[in-house]
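Engineer: Okay, sequence plus prediction incoming.
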Number of protein chains: 2
Amino acid sequence: MGAAELRVVGLGGLPDMKPGHDIAALVLEAAERQGTPLEAGDVLIVTQKIVSKTEGRVVALAEVEPGAEARTLAEETGKDPRLAELILRESRRIVRKAGPVLITETRHGFVCANAGVDVSNVGQGLVALLPEDPDRSAEEIRSGVRERTGCEVAVVISDTFGRPWREGHTNVAVGVAGMAPFADYVGQVDPYGQELRVSILAVADELAAAAELVMGKLSGVPVAIIRGYEYPKGSGTARDMVRPPERDLFR
Amino acid sequence: MGAAELRVVGLGGLPDMKPGHDIAALVLEAAERQGTPLEAGDVLIVTQKIVSKTEGRVVALAEVEPGAEARTLAEETGKDPRLAELILRESRRIVRKAGPVLITETRHGFVCANAGVDVSNVGQGLVALLPEDPDRSAEEIRSGVRERTGCEVAVVISDTFGRPWREGHTNVAVGVAGMAPFADYVGQVDPYGQELRVSILAVADELAAAAELVMGKLSGVPVAIIRGYEYPKGSGTARDMVRPPERDLFR
């Protein structure tokens, strides 16, 4: 009766990603090189930043023309008006605005700071936008791995989000492919015969969080392999993780 | 240049915890038995449920006398009035109330469903309350391990919380000892020379989330060992993870 055990392996040695770079191919090579080649059943966690870079979702601020709304928002928040313009373009709506803090709902439905528009680890004068469809990005990496190796893996695209009520950020899943994002215990019965009622675990988010522990922010490890986790089968997406407005008490 | 790697090992074979049981001693024995004895630098993740059980924080509903406020709340939510009474006793305030859903702020400051009062995995007619001071509970387990083995480990007490905007629950840290709950990248500079500004990672929450992946809800694995993670040194607590009201945009 061995205990459940999983490994979280950071993947170093990847190049600085450019538009057109093939993440699946580069990950397979890097994993081989460091002696941890991919295996069927692995979960690959990939930060959105390198996905955005390979998909050309990096914008030079110098080329952005801020509109009137962006200029007003820039004044209110102290942000660069061109950055404010990009945030507005990426957002459905502004959720909260307080001093320099701007929480918006992205076009995907994610609620996060600055619509996920990010200035770190991109380059001076450049900003990265979230992938247009991170679930599709995850699926492309997954099928890229399968085509090259025959291995079925799951893929999670991760990003770093803040949360209400709690200090600090955690990594969450913004894209999912090859697995269900939830492990569902609803209707099951505990060892005492009590039905479990509120037990849908957002395991894609937990996988993203676990991966962050080996990635750090500066260590140049934008990918992690999680091995030994029996992920829930299915074909859900990270979009399923966005709570619909009618079920949301905090909109 | 080996990649960062960590292991998350579920700990099975623990007894059904009762008041007075010594978690540190039982964990050390179980870890030894399953061939993964504790080592210095491990992080021990312990679900609040077994801590509550050993600390006598389990209540028989039959012995609870609901007051007037609890009876009103029970009518509004469809909850057992005795459960409503316990939730009120454990709460500072009600944050949201919608149909059967009740989100409150606990006396510790955590915002979660039903003040963390939980009917699963306890026993018929019984409910578990959160530990009175989960940081103290974590510290007791940590010093228990040190006294018996000389090993310095970090301890995180975990619980399963919901989140605004996102479906599904994740495990978070409600108690921390022997480590700082955050990894702080603020003021550091990325490889492009850009300062990282919003990069305080709530790693205690990420450790709790990672551990859930080997615990499940029904598998009788209430403890996990995380090995190979260089946790941030310090003496912070889970109470530090509660965002102060004046910095919180979603109260």
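Structural biologist: Cool, got the structure. Please read these numbers as outputs of a predicted model, since none were measured by experiment.

Engineer: Just the residues contacting stretch A:29-39, thanks.
Structural biologist: A:9, A:11-14, A:27-28, A:44, A:145, A:149, A:151, A:153, A:223, A:225, A:227, B:2-3 (CB atoms under 8 Å, 6 or more residues apart in numbering or on different chains). In short, each C-beta sits where N, CA and C put it, glycine included.

Engineer: again, only using 7 Å
Structural biologist: With contact meaning CB atoms under 7 Å, 6 or more residues apart in numbering or on different chains, stretch A:29-39 is reached by A:9, A:11-14, A:28, A:145, A:149, A:151, A:153, A:225, A:227, B:3.

Engineer: Repeat that for stretch A:42-58.
Structural biologist: For stretch A:42-58, using CB under 7 Å, 6+ apart, the contacting residues are A:17-21, A:23, A:27, A:118, A:121-122, A:126, A:128-131, A:134, A:137, A:141, A:153-159, A:174, A:207-208, A:211, A:215, A:222-227, A:229, A:231.

Engineer: repeat for stretch A:205-220
Structural biologist: Taking CB under 7 Å, 6+ apart as the rule, stretch A:205-220 contacts A:8-10, A:12, A:43, A:45, A:47, A:156, A:158, A:170-173, A:221-222, A:224, A:226, B:4-6, B:170-171, B:185, B:188, B:190-191, B:196, B:199, B:201, B:203, B:205-207, B:209-210, B:212-213, B:229.

Engineer: quick one, phi psi at residue A:105?
Structural biologist: Residue A:105 adopts backbone torsions of phi -100, psi 120, taken as degrees, to the nearest 10.

Engineer: which residues of chain A fall in strands?
Structural biologist: A:5-11, A:43-47, A:58-60, A:91-98, A:101-106, A:111-113, A:126-128, A:154-161, A:170-177, A:183-184, A:200-201, A:223-227 (DSSP state E).

Engineer: If you average pLDDT over each of these, which is lowest?
Structural biologist: Mean pLDDT is lowest for strand A:183-184 out of those, coming in at a mean of 90.

Engineer: Now do the contacts for residue A:242.
Structural biologist: A:109-110, B:166 are the contacts of residue A:242 under CB under 7 Å, 6+ apart.

Engineer: redo that, cut-off 10 Å
Structural biologist: Going by CB atoms under 10 Å, 6 or more residues apart in numbering or on different chains, residue A:242 touches A:105-106, A:108-111, A:174, A:248, B:165-167.

Engineer: How about residue A:103?
Structural biologist: A:91, A:94-97, A:111-115, A:161-162, A:164, B:165, B:249-250.

Engineer: Which of the residues you listed are buried, as a PyMOL select command?
Structural biologist: Under the burial definition 16 or more other CB atoms under 10 Å in any protein chain shown, those of the contacts of residue A:103 that qualify are selected in PyMOL by:
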select buried, (chain A and resi 91+95+111+112+113+114+115+161+162+164) or (chain B and resi 165+250)
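
Engineer: Out of the contacts of residue A:103, which comes closest to residue B:72?
Structural biologist: residue B:250 (25.9 Å; CB to CB).

Engineer: correct me, but the closest one touches residue A:164?
Structural biologist: Yes - here residue B:250 reaches residue A:164: they are 3.6 Å apart, a contact under CB atoms under 10 Å.

Engineer: Pull up the overlap in contacts between the two.
Structural biologist: Counting by CB under 10 Å, 6+ apart, the common neighbours of residue B:250 and residue A:164 are A:96, A:103, A:111, A:250, B:95, B:111, B:164-165, B:243.

Engineer: ok now the longest helix along chain A, how far from the chain's centre?
Structural biologist: In chain A, taking DSSP state H as the definition, the longest helix is helix A:134-149. The chain centre lies 15 Å from the centre of helix A:134-149; the measure is CA atoms, centre = their mean, to the nearest Å.

Engineer: for stretch A:203-212, same thing?
Structural biologist: Distance, centroid of stretch A:203-212 to centroid of chain: 9 Å (CA atoms, centre = their mean).

Engineer: try stretch A:45-57
Structural biologist: 9 Å.

Engineer: show me where pLDDT drops low in the stretch 1-150 of chain A?
Structural biologist: A:1-3 (pLDDT under 70).

Engineer: before we move on, the earlier item: buried among the contacts of stretch A:42-58? Make that a ChimeraX selection.
Structural biologist: In ChimeraX, this line selects whichever of these come out buried by 16+ other CB under 10 Å:
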select /A:17,23,27,118,121,122,126,128,129,130,131,134,137,141,153,154,155,156,157,158,159,174,207,208,211,215,222,223,224,225,226,227,229,231
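
Engineer: mind listing what residue A:251 touches?
Structural biologist: With CB under 10 Å, 6+ apart, residue A:251 has these contacts: A:93, A:95, A:105, A:111, A:243, A:245, B:164-165.

Engineer: what's the pLDDT at it?
Structural biologist: 76.

Engineer: where's it relative to residue A:161, distance?
Structural biologist: To residue A:161, residue A:251 is 16 Å away according to CB to CB, to the nearest Å.

Engineer: what pairs with residue A:103 across the strands?
Structural biologist: residue A:96, residue A:113 (DSSP bridges).

Engineer: Oops, could you answer that again for residue A:6 instead?
Structural biologist: Under the criterion used (DSSP bridges), residue A:6 bridges to residue B:8.

Engineer: burial of it, as a residue count?
Structural biologist: By other CB atoms under 10 Å in any protein chain shown, the residues close to residue A:6 number 21.

Engineer: With residue A:245 instead?
Structural biologist: 10.

Engineer: Would you agree it is in contact with residue A:109?
Structural biologist: Yes - applying CB under 10 Å as the test, residue A:245 and residue A:109 come out as touching, 9.2 Å apart.
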